[in-house]
Every structure is written in C-alpha cells, then in structure tokens.
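**Student:** Build the 3D model from these lines:
(4 chains)
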Number of protein chains: 4
Amino acid sequence: MRPWSIEFRGRFEETVFESAALKGNPLGDPYRRPLWVYLPPGYDESGKRYPTVYQIQGLTGQLDMWRNRAPFRKNFPELTDELFSSGGAPPCIVVWVDCWTSLGGSQFLDSPGTGRYHTYLCEEIVPWVDAHYRTLARREHRGIAGKSSGGYGAMITPMLRPDQWGGFATHAGDALFEVCYLPDFRKSARALRDHYAGSFERFWQDFRNRPAFSKDSDGHLLNDWCMAACYSTDADGTVRLPYDPATGELIPAVWDRWLAWDPVRMARDRAPALRTMRAIYIDAGKRDDFFLDLGAEAFRRVLAEIGITDIFFDLFDATHAGIEYRYPLSLRYLAERLGSESETSPGG
Amino acid sequence: MRPWSIEFRGRFEETVFESAALKGNPLGDPYRRPLWVYLPPGYDESGKRYPTVYQIQGLTGQLDMWRNRAPFRKNFPELTDELFSSGGAPPCIVVWVDCWTSLGGSQFLDSPGTGRYHTYLCEEIVPWVDAHYRTLARREHRGIAGKSSGGYGAMITPMLRPDQWGGFATHAGDALFEVCYLPDFRKSARALRDHYAGSFERFWQDFRNRPAFSKDSDGHLLNDWCMAACYSTDADGTVRLPYDPATGELIPAVWDRWLAWDPVRMARDRAPALRTMRAIYIDAGKRDDFFLDLGAEAFRRVLAEIGITDIFFDLFDATHAGIEYRYPLSLRYLAERLGSESETSPGG
Amino acid sequence: MRPWSIEFRGRFEETVFESAALKGNPLGDPYRRPLWVYLPPGYDESGKRYPTVYQIQGLTGQLDMWRNRAPFRKNFPELTDELFSSGGAPPCIVVWVDCWTSLGGSQFLDSPGTGRYHTYLCEEIVPWVDAHYRTLARREHRGIAGKSSGGYGAMITPMLRPDQWGGFATHAGDALFEVCYLPDFRKSARALRDHYAGSFERFWQDFRNRPAFSKDSDGHLLNDWCMAACYSTDADGTVRLPYDPATGELIPAVWDRWLAWDPVRMARDRAPALRTMRAIYIDAGKRDDFFLDLGAEAFRRVLAEIGITDIFFDLFDATHAGIEYRYPLSLRYLAERLGSESETSPGG
Amino acid sequence: MRPWSIEFRGRFEETVFESAALKGNPLGDPYRRPLWVYLPPGYDESGKRYPTVYQIQGLTGQLDMWRNRAPFRKNFPELTDELFSSGGAPPCIVVWVDCWTSLGGSQFLDSPGTGRYHTYLCEEIVPWVDAHYRTLARREHRGIAGKSSGGYGAMITPMLRPDQWGGFATHAGDALFEVCYLPDFRKSARALRDHYAGSFERFWQDFRNRPAFSKDSDGHLLNDWCMAACYSTDADGTVRLPYDPATGELIPAVWDRWLAWDPVRMARDRAPALRTMRAIYIDAGKRDDFFLDLGAEAFRRVLAEIGITDIFFDLFDATHAGIEYRYPLSLRYLAERLGSESETSPGG
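**Tutor:** Next up, the predicted model:
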C-alpha cells in the first residue's frame, strides 16, 4: 500500500549466512550475516537460469538500510521490483550482500585490519548463490554494483577476480584517492587536536559511547581510520595512518599503500582483466561531496587509455546523497549486457 | 542480530486502520492507514491495564520510516523495546499513528486543505486502541509525543482536547512561527522566481516528476505550502499563502490565521487546559536548524507565566537531525507520570 | 600608477564639516565629519553649473572606506573619475557624505537613538555644497545614491524631502523588513543566550573590547540594535527592540514602528512625492545575503502600483558583497536624468 | 580624527622604487613599485640607528591595501604607529614592500613564471633602505614578517638568505602544501570542467574581463596557477601544473617541485640557517580556512626536531580573515629580539 510499501511481484529470500572466512575476524564482528536474494517475477515458473547482479553498500551500510524510506521515494528493493515487474529490464537475480564492519566497512578487501571480506564475497557468497539458485553461473553473467564504497568494491572486485565477474557498475565509487580522501585528512587532524588530544583511540572511545555521527568530525575520523584498516594495516594488525595525525602531513610510504588500492591506479595495471568486461557502468553527481565525479572521470580516462570505450558514463546533477534513483539504471544496464547472449542457455 | 536488528521482548502489532474521517479527503490520500501498537513485555501475562503513549511523526513522516536504520544506531522501535525490557520505565502501551499526506503532513489538524486528521486521531484511533487493548482509558493515563511537526501535534492536540490527553512530549516541536517558519519564506520566494515562474503549481508539477528533495529549495516550498494547507485554507479548499510569493511580503490577514495555530499563542489562551496536564516534556537542540530551541523556550515561558513549572525542559547540543536517541527520555517521563497513580486500577 | 592608483582627471576636495545638528548627539559621536566633493574634469574651466549626486554608505561605512582596495579592482572614487573622464556620463558633482555612528550607522534619519543625521544631510550638507560649488541647486538636478543601508537612505530621503531631491539610486537597499531584517532576529536571540546571558549590554561591552566582527554573531547583533536605535527609540533615548531577546518573539507594537520606516510601506503612502522623481534606479544581486533582491522587487511593484514604471530595474547575478562595479551604472543614470534638461542653464 | 584616521606620531615616507631586477619580467608587470618606510617617533631627533622589520603581503596584496579600513578597526599602519608611539615596543624602522603580480603574487621567489622578486627584495630593496635610512644594517637587526603568502615569504627568505636576515614572523603562512594547497585542486578541476572547458587560458580570459572574484571558483583557480608560476615553471616560462586539470590527479614530478618549496620540507634541509635566527614568531587561527594552523604546527615541529624551541608560537581562535590585530604582536616580538643587543651601536 503506497507510500508505505508496494506489492512485490518478485520475491525476496532472506537468509542468515554463516561465513567461515569471517570467523575470528580481527574486529570481533559477527560472522553470521544477513543475505538477501531477489528472484524476479516468473522465476518460480520459468525453469530458466538467470544472470546475477550483486549489490554492495557504502561505508556504514548494513543490509537492512536498503529498506530505509526517504520521503516520497521508493527504496531500492522496491525500485528493483518495479524495474523487473514492468519489463524495464531482462530478468535477473539480484543478491544483496552485507559487508558491514564495526569500523564502518571493509572496502570488500581482505585485510588484517578488518577481516577477509573479499574471500567471503567471492569464495563463499557467490558459490552459495550459484548452488542455491538457478543462476547462469559463469563470469559472463555475473555482475556487481554499488555506490560510494560499494562502487569502489564494484570496481576492484572484478579487477581482482576477472575470472568470476563479467561486469560492474559504480555509482560515485571511491577513486582517485588524493581527490576523494586526502583533502579531509586535515579536518581529521584538526578534530583530533581540538577534541581528542591527538588520539584516534580517544575518538573511538568517545564515538562508541554516544549517538554515532552526532559530531561533525565523526565522518572524517571514521573514514580515515577505516580506510587505513582496509588499505594499510600490517600483518600483525597494526593500522598505519597515511598522515601524521598531529598535522595532516602525508606519510609517503603509507600513502603509497593506499594508492596501490586506488581503482584509477589499479586499472592501469590490470588492462587485460578490464578488457574482458562485458558491462561497465560509471556515474556520479557533478556536485558529489567527495568529488567522486572526478574519480569517475579519471577512471573513465584510464579505461579509454587502455582501449575500453564501450561503457556507460554519465555525470549528472546531484550531490553524494540520495541518488538511489540511479541504481535501476545500472541494474538495467548490467541485466541487458550480462544476460543477452546466453540467457536461455540451460547450462548457464 | 545486531546491528541488523534486536530481539524484541515486547511485541508490535501492525494493523491497517480504515478511517471514516479520512475518506474523501481533499488530497485523495489513502484512508486506510498503517497503525502499530507496541505491547510491553509482560502484557500478555499480566492481565493489567496500561497507560498509553501515542507517537506521531514530523513533516514527510510515514509510519514505516520509524524503522529506518541510521549507522551505528538503533531505531526508535528498538529503543522503545530496550527501554521497557530493561525496566528503564514503567510499562506502557505505545501507539504509532500515521498522519502522512501527499503534501507532507497534516499538522494533526482538521483542515479543508488536507483532511480531518485531528478527528481521525482523537475520534477514531484513540477509541479503537482503547477498545482493542487493555489501556487505562482515561485522560490521566494517555499521552502523546513527537518531534518537529510531531512535537507540534503533541503540543496542540492536548490543548484542543484536554478531556482526552493528560500529558505530552515535544522534541523540537514547531512553535513561535515567526522564528521557525517566516524566515524561510524568502527562500521560497526566491526559488519560485528563479525556477518556477513564481508559481507553486509549477513547483508541485516539477516535484512530483523527479526524485523528491533533489533540489535545495524543495524543503522550503513544500513546507510553506503544506503549512498553508493546514493553517490557512478556506472552507472551499483554497489554500491561502501568508506571503506574496513574488516577494515574500507578509500578508497579515493570512499570517494571523497561522499565528492562531502557534502553540505559543494557543497556550496563552488555554491556560486551564494546560494546567490539567500531568506531564509536559519539552526539549530541542540548541543548534536546531529551524531554531525550534527558541520556540521551546517561548513555550516554556508561557507555561511559567500561567503557573506551570513542574515540567521537563532541556536544550541540548544538537541540530534538528538525528535526535531519535532523545525519544526514550520523553517516553520514560510520560510513562512515569501517566502511570503512577492508578496503574493497577483494573477499571483504567 | 596602476594597480596602486590612477591618474585622476577630476578633483577630490576634502573638507571637515562641522555639523551643528550632530553636536550633542546621543552617542557622543564626532560632530566634525569628513566630506568629499568630486569635481569633474572641466569644472574649473567651464564656469558651468552641474547636477549633483550624493553618495551615502552602508552600515558600518565610514568615509575613508570608499578608498579601500579590493584585489584587481578599482575603488569607487577611481571608477567615478573614469566614468567622467571617458565621457561615459554627463559631468556631475559628486558628494560623499559621512553618516557613520558608533552603532554602525544612522539610516540617514533623525532619531533620539543616534542623532539628527537626516537634518545634517538635508539641512546642512546640501546647502553648504550648493553654497560652495557651482551646482544646479534645484531638486531637479539633485540625486542621491547608495548601497545597502545607503540604498535605504537613498530611497527614503527623497520620499521625506521631495522638495529637495529629484532622483535616487538604490543598490541592494534595505527594504521589505520582514524579509531583510526579521529572519536574523532568531540568530541574535540565540547568540544572546549562548554568549551574553541574554543581554545586549554585555554584547556591546564584549564587542567594544576586542577586534570588531571577530565573532560570527557580531553582525546580527549590531544590526538589530542599530536599527532599533534608528527606527524605534523613544524620545528619552530608550531603544526598543522589536523582539523578545530571550526567544526572538516579535513585539508587534515595536515592529510596527520599524515597518513605518520600511521603504516598501512608505512608498505606498508617498505616491505624490515619488511621482515627481526624474530618476529612479533600483538593482540588487539575485543571491543577496539579505534577500534585498526581494525588497527591490517589492519596491518596484509598489512603484508600478502607483503608476511609476519609467525606472531602471535590474536583478543581477551577485551576492551582497563586492558590487561596487555597479555604482557607475547608477551614477551615469542619475547624471543623464538629472542633468539633461537644464544643464547649461546658468541659474541652476 | 577617529575613526577616520589617527594622528601619526611617526612618519611614513613613500617612494616609487625603480627595480632593475623586475625590468622585463615575464608578466609585463610594472618594475616601478611603491615602497613605504615608517620612521618611528624620535627618528629625526635621535641620530640613532634602528633595527628594521620588512612587511610583505599575502596573495593579491598590493601596497595600498595596507590602508584598507575594516569597520571599527585600525589598519596596520595605524596599529604600527600606536605601538611605537605608546612605547609598546622598542623603536624600529618598518619597511612595506610591494611584490604584487598580475597573477596575484610572487611568493617572494625568483621564477621564470613571474619575475625576480627574491632578488628585488634582497638585492635591491634592502640595500636601498640601508643606504637611505639609519638602519642597523646587519642581519642581527633585520627581520621580515607577513601573513598568508606573506608569512610564506617571511619563512623562506631568511632560510634562503640567513646572511641577510636574523628573524622572521609568519602569520598563517603557507606551509605543509598537501594540507594548504592540494585539497583545493579538486575544486579547480571541477570549476574548469563546468565553466572553462578544462582550460586555464579560458579562465584567465574570463577573469580579466569581469569584476575580479565575482565567481566562487576564482580564488582556487588563481591560486593554483599563480603558485605553479612561482614553484614549477620551466626556464622557458612554461607553467607546469601539479595536477591534471581534467581530474585533479596529482602529477608527482611537478608536485615534488612544489614540495621543494614547502617551508616544512625546506626547514629540514636548512637547520643551520634556522639555528642562527634570533627571533621566530609563528601564529595562525585555529579555524584558518586553509588549515594553515596545521602548517604552523608542522613548521614548529620541524624546528623542535632541529633543536629550535626558543620561539613564539600561538594558535588562536580565528579564521584566515581579519587578523591584522595580530601584526603588532609579531612586530613587537621582532623589535625586542632584533634590537636588544646593539641598538645603540652607531655602526649598526
């Protein structure tokens, strides 16, 4: 009943997934995770196999947030069902994966700072989905999409595992780290000085004991630490910051570890993997708060340099917030590109 | 399973309420509304009657938004259950009422511009709840609470119906209209000039055909129109704006109609009703975006003028956003004040 | 030598004017005031009489500020000389009058709160200029211009003294007081609460003993008090605020005294005076910080209502700051309109 | 006559200095420059020699701006005279040097992108001042001070020429370039994309043909280009940007050229020069718009690392703007430190 809900014509199956990879993760975060699988209208009757699109979330995202209601809007599960119900896109299975951590997120990487989320996603979730649903279980028919850090994960996961993924979509994905991350280090340094005697430990102690994000600096501080936990943590779990917390001065050796995970830099080294992609969708708001429109453009330019130009690319008029209405565009794009050739092939 | 959910120890009953009062409402909005009733731990076994606290929402609120997840936080249903599960407050029945309209809200009033939401709340929902649950069905044990426009409704509903309500809580409730509404009229006037050829009709047409709140001026324009629909609509449905949309110049005759609904002004005329209240809770963030901290203080001052000083009052360090962690404070306050004397009285 | 200066072709005469009207002013401000008279190229040789345009300043303006240098720009004295040197406008005498007070300004009014600045301007400065320079000493050839509070003075002085003034120019002049002043009252109320225990006296004590405008709230507080000193001060010098400083609640009786000085309201009552004007120039930035573009439009609409449409009107893309490049436009407009018919008439 | 002026007790001598070093500068900027010398009260009578403090300006500064009047404040020339008139500091000669360029400034360096401003300052101005005034013409008695880019010049000039300078004062001086410059590159990239088809040439064409700084992006674009003209211009005059103007991606080879001019990095390599300084004054506002408080702290830390701790250091509550009230503090500090030992020595 609108606006409180819609009548779903497809079906959500909700599972709690027990991850071996996440057991004993360094943060002590749950290894049992919610997992949603959306089956499009007709799935039960068709007997067909379907392409699969995985959806991952941005920093601080946890699976239930997908159902958050914004005023006068539908949420993404509703938009998804509308897309497939209306025939706006070829039918797909959509999988919603939770990679939340108590630092905010995982960047969908394996890191001694957070846990083995790349392994969990690629080695556990994907096979389980393929085993339990009628997917077209080949890279050509498997895509991944997300926004912000989710867009990051959508870019780098297929670069790391081109054998597994055939397409991706990034909405305002983290890229060009000197543009999207570095400028806020100084805000963190100042906040540490003014409120936390220079100590991240004090920040976390404060942050954990009051309503989260009730201080302006929370976002910057959490982001810096979480990214360091993902990008630059030593094997023994020591989180290395890429800047001196007293001044914001860059520490080149650590910063280089971050840059090694920058999709713009990674793409330059992974041309062969990228050239195999059947679908690449890139967008961002031209007023994105973190200037991820510039990251999108930089990523596009690298793709062009390595000869990849058959992509979707759009910079539109928006900030970083409230752009879930873009997700059906990428979902349709992936559905069309990843399903087209072999959708009816029974063997997938 | 945290952080995705909690184990509820109380129970939510979800109903679709068919309102006679809302049938044929001028906006064509649904007259079937979701309604939630929370029954505290022990309800099923106790056989007791309980005080009741009604929860209403701010502008653009619709019932399912109560379950929105903010990062690292619990939502209000979860906080409610925690409060009562932990024994942090005497048990209460909590009722979550939906007064959404397609203009954003209703201010919990009867208006030819929106519909008969005051009647719906007081004449339909309350009796239904009393008929279906073991409430202490007297004013002394019935309270109402809300934030923003919900705080407004929580202030004015008991003033209008002191026979029905014995207490209320306002979190940053709309009050002192020259402070909370008037200053933004000029922003609307400018937006109308720059984007809509001076016409609210064009605004609505635009607003309805793109993602809501994707333009900065949406909030101001929607608010002004919706409040006019609530406060200054003629019997024939003509919405009267309190300002010239070309310039922002105040139209005193219409503005006076608004002021007649200002809780600060209403309170001056309704001292007897207010003096019967057993619980009055007022708070607001000192950096409230709409300066509702000043409205809170003005309301407090009127109460003091008419001799009411046994209240809860707190201005705290926050903006208008993200203050759901305050709601358990008011819920406890109301639970304590509205239940104390006669909680065990079987007749309610 | 540019960019440090230009070679002036006209001439500035600088005087210290001793004002009888300002002697014993209630603020103890100087009654000796700087006065500048600009004589256009050819003045010394021509023997002609010239129209005169008076220039007045915005709040906190003092005469020497006209020479402030903004990066890569000329100041208004330089722009003035360029205008007349290049033949861009018919020659004029330009008079720069100082109406500064230690509260910020005078609004060019006589008030027991500040002093007799209207008298000083109209009864002292104008006759002195006419006596000492070859002016066309009639209303038809006398205009006045300013920005912000100077624009206010330029609107209201000719309305009060149409016998003396034949034209005016307002750049972002104070008008439509509920739009330009009222919205900031709440900011003052909050600042008083948070920093000054609710007391304007404490504000002034603080303000006088540290670098001026080093706190964000200084501007609002100074403006409110100064305007009250100009618009709503009792005969005995008691400054009446139009709002309760504890809450921002409007005090209608005092607010009405303010509105009586609003150019938009004044214009409605002074149609005959306005109809005699030979030149009316109105502009404002469409992003004016104080929304004086809406005041400009409201003033324009009143003029249209009373039949005055042969005016200059332009809303341009700018904020309230840094619009001195517009002043030559109004100066040319006034020079053309006020000089045209009788410039060569030796009797003026 | 206050507030329009003060009665100076010392004396300003204003000269036009013809610079050989600036003749034929690549920007075609004037080689004749204004120069002010302030002689303290008693200079004419005393026959003594005095220490000298040079004052240099921030980006876009030109000499006449020192006299700009801010509301209710004195300007720095007035503050200087007050300081010495009141005996608040030992008498000094103060020299105000103009290093303006049509790109905004010179960073007080010799660069093929702007001209030989370091040479002009050190090889021309200083000797001329020593030849024309009774200075104590040795490094021990010569200091330099400035704000923002002027603070930068005050830091690096003595590092480059410790034989000439014995002390310096930096108010919010440019330092820690990844903190003060880099974060705004992305704003420039976006502005270039949105308004200038990616071309700095188009920016300059636009900028030169309208009121300067009437667009929000002007400051960023001008700063980036001007700094590149100062820090990373090839011998043939080619200005090298440290980032890709299409994306903001850093170009390490050029960025390293910038870092070579970062006072924080320079200080690490120039410990011996810095250890000879008799006076080092560092301050910045804790809310500095360019985070130069972090640069100040980083510079202080390097000084401490190389054993220099006898300095003045203060972070105070302010932004980058309107801090001229701090200048007398540094002037007094330099006057005391640079004059103390040998002030009366006739040979200087």
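
**Student:** tell me the phi and psi of the nearest residue to A:Leu103 once chain neighbours are set aside?
**Tutor:** Ranked by CB to CB, 6 or more residues apart in numbering or on different chains and with sequence neighbours excluded, the top spatial neighbour of A:Leu103 is A:Cys226, at 4.1 Å. Every C-beta, even on glycine, is put in place using the N, C-alpha and C of the backbone. Phi and psi for A:Cys226, reported as degrees, to the nearest 10, are phi -60, psi -40.

**Student:** from the stretch 51-200 of chain A, which residue is nearest to chain D?
**Tutor:** Per CB to the nearest CB, A:Pro183 is where the stretch 51-200 of chain A lies closest to chain D, at 3.3 Å.

**Student:** Please look at that residue and D:Val179 and confirm they touch.
**Tutor:** No: judged on CB atoms under 8 Å, A:Pro183 makes no contact with D:Val179 at a distance of 9.2 Å.

**Student:** In terms of neighbours, single out the busier of the two.
**Tutor:** Per other CB atoms under 10 Å in any protein chain shown, whichever of A:Pro183 and D:Val179 has more neighbours is D:Val179, with 29 against 23.

**Student:** got the residue ranges for the helices in the stretch 1-150 of chain A?
**Tutor:** Using DSSP state H, counting those that start in this stretch, the helices found in the stretch 1-150 of chain A span residues A:43-46, A:76-85, A:117-119, A:126-132, A:149-160.

**Student:** A:Gly105 is nearest to which of those helices?
**Tutor:** A:Gly105 sits nearest to helix A:149-160 of all these, at 5.2 Å, using CB to CB.

**Student:** which parts of the stretch 151-300 of chain A sit against chain B?
**Tutor:** By CB under 8 Å from any CB of the partner chain, the residues of the stretch 151-300 of chain A that approach chain B are A:211-214.

**Student:** Return the backbone torsion pair for the residue in the stretch 101-250 of chain A that chain C sits nearest to.
**Tutor:** Proximity of the stretch 101-250 of chain A to chain C (CB to the nearest CB) peaks at A:Asp216, 15.6 Å away. When quoted as degrees, to the nearest 10, the phi and psi of A:Asp216 stand at phi -60, psi -30.

**Student:** count of neighbours near it?
**Tutor:** 10.

**Student:** TSV for the helices of the stretch 1-150 of chain A, including mean pLDDT and mean neighbour count?
**Tutor:** Formatted as TSV, the helices of the stretch 1-150 of chain A follow (pLDDT from 0 to 100; neighbours: other CB atoms under 10 Å in any protein chain shown):
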stretch	mean pLDDT	mean neighbour count
helix A:43-46	96	12
helix A:76-85	98	21
helix A:117-119	98	22
helix A:126-132	98	16
helix A:149-160	98	27
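
**Student:** tell me how far the ends of stretch A:243-262 are from each other?
**Tutor:** 17 Å (CA to CA, to the nearest Å).

**Student:** quick one on the thing from earlier: as JSON lines, the helices of the stretch 1-150 of chain A with distance to C:Leu35 would be great.
**Tutor:** Shown next, in JSON lines, are the helices of the stretch 1-150 of chain A (distance: least, CB to CB, whole Å):
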{"stretch": "helix A:43-46", "distance to C:Leu35": "87"}
{"stretch": "helix A:76-85", "distance to C:Leu35": "69"}
{"stretch": "helix A:117-119", "distance to C:Leu35": "75"}
{"stretch": "helix A:126-132", "distance to C:Leu35": "83"}
{"stretch": "helix A:149-160", "distance to C:Leu35": "65"}
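
**Student:** closest one to B:Thr309 among those helices?
**Tutor:** helix A:76-85 (48.8 Å).

**Student:** Now do the contacts for the residue nearest to A:Tyr243 when sequence neighbours are not counted.
**Tutor:** Distance criterion CB to CB, 6+ apart; nearest residue to A:Tyr243, sequence neighbours excluded, is A:Phe185 at 4.6 Å. A:Phe185 is in contact with A:224, A:242-243, A:248, A:250, D:179, counting by CB atoms under 8 Å, 6 or more residues apart in numbering or on different chains.

**Student:** One more: A:Tyr196?
**Tutor:** A:202-203, A:206.

**Student:** Please report how far it lies from A:Trp225.
**Tutor:** With distances taken as CB to CB, to the nearest Å, A:Tyr196 is found 12 Å from A:Trp225.

**Student:** same question, A:Gly24
**Tutor:** Distance from A:Gly24 to A:Trp225, by CB to CB: 21 Å.

**Student:** same check, this time on A:Leu63
**Tutor:** A:Leu63 is 23 Å from A:Trp225, by CB to CB.

**Student:** Likewise for A:Ile56?
**Tutor:** 20 Å.

**Student:** Please identify which of the two sits among more neighbours.
**Tutor:** A:Ile56 (27 against 21).

**Student:** List the residues that contact the more buried one.
**Tutor:** Contacts of A:Ile56 (CB under 8 Å, 6+ apart): A:97, A:99, A:108, A:121, A:144-146, A:150, A:153-154.

**Student:** quick one, what contacts A:Leu93?
**Tutor:** That one is not Leu; residue A:93 is Ile. So A:Ile93 contacts A:37-40, A:43, A:50-53, A:129, A:133-135 (CB under 8 Å, 6+ apart).

**Student:** Likewise for A:Asp283?
**Tutor:** A:170-172, A:296, A:312-316, A:326, A:329-330.

**Student:** Counting neighbours, which of the residues you listed comes out on top?
**Tutor:** A:Ala172 (33 neighbours).

**Student:** That one and C:Phe207, how far apart?
**Tutor:** 45 Å.

**Student:** same question, A:Tyr231
**Tutor:** Distance, A:Tyr231 to C:Phe207, by CB to CB: 49 Å.

**Student:** now A:Gly115
**Tutor:** 55 Å.

**Student:** Looking at the two now, which is surrounded by more residues?
**Tutor:** Higher neighbour count among A:Gly115 and C:Phe207: A:Gly115, with 27 against 21, using other CB under 10 Å.

**Student:** wouldn't the more buried one be in contact with A:Trp100 here?
**Tutor:** No: the pair A:Gly115 and A:Trp100 does not pass the contact test of CB under 8 Å, sitting 10.6 Å apart.

**Student:** one step back: filter the contacts of A:Asp283 down to the ones in strands?
**Tutor:** Filtering those for membership in strands, criterion DSSP state E, returns A:170-171, A:312-316.

**Student:** Residues of chain A that sit close to chain C?
**Tutor:** Counting by CB under 8 Å from any CB, chain A has no residue next to chain C.

**Student:** residue ranges with poor pLDDT in chain A?
**Tutor:** Across chain A, the ranges flagged by pLDDT under 70 are A:340-348.

**Student:** rerun that using 90 as the cut-off
**Tutor:** A:1-2, A:340-348 (pLDDT under 90).

**Student:** all strands for it, in order.
**Tutor:** A:11-18, A:32-39, A:52-56, A:93-97, A:110-111, A:115-116, A:142-147, A:167-171, A:279-285, A:312-316.

**Student:** my guess is A:Arg161 meets A:Cys122, correct?
**Tutor:** Yes: at 5.4 Å, A:Arg161 counts as touching A:Cys122 under the criterion of CB under 8 Å.

**Student:** what's the closest non-adjacent residue to A:Thr276?
**Tutor:** A:Thr276's closest residue in space is A:Pro162 (CB to CB, 6+ apart), at 5.3 Å.
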